[in-house]
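Undergrad: next comes the sequence, and after it the predicted model I'd like to discuss.
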Amino acid sequence: MESLVLFILAILFILTSIKIVKDDERLVVFRLGRFFKILGPGVVLIIPIVDKGLRVNLSEKIPGWQALSKEELTEKIKALVLEESRDSPG
């Protein structure tokens, strides 16, 4: 019985750690509440409870994102997320 519970918990842990990010999205990962990195597109893994993923839709938030270099896009996403977190209450 205990092994069944552990197996179910392990499966839930794995399923909650897998995220699929579309081509026009990025996943901003916060580790313990602080910015960690930007992931995507594709299948990405995060650590449940420790990491929180915030999806950013590039087609809505950053027009012309396809023409930006990876570094420029990363900086724009960071600025957008930090700006939105300052504007939100709490």
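TA: Cool, the structure landed.
Undergrad: so which strand or helix has the residue most central in space within the chain?
TA: With the centre of the chain defined as its mean C-alpha position, the nearest residue by CA atoms, centre = their mean is Leu27, 2.7 Å away. Per DSSP states H and E: Leu27 is located in strand 25-31.
Undergrad: could you list the paired strands of that strand along with their orientation?
TA: According to DSSP bridges, strand 25-31 forms sheet pairs with strand 34-39 (antiparallel), strand 51-57 (antiparallel).
Undergrad: turn these into a markdown table, columns for mean neighbour count and mean pLDDT.
TA: Yep, even glycine has a C-beta here, placed from its N, CA and C like the rest. A markdown table is the format used below for the strands paired with strand 25-31 (neighbours: other CB atoms under 10 Å; pLDDT from 0 to 100):
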| stretch | mean neighbour count | mean pLDDT |
| --- | --- | --- |
| strand 34-39 | 14 | 94 |
| strand 51-57 | 16 | 95 |
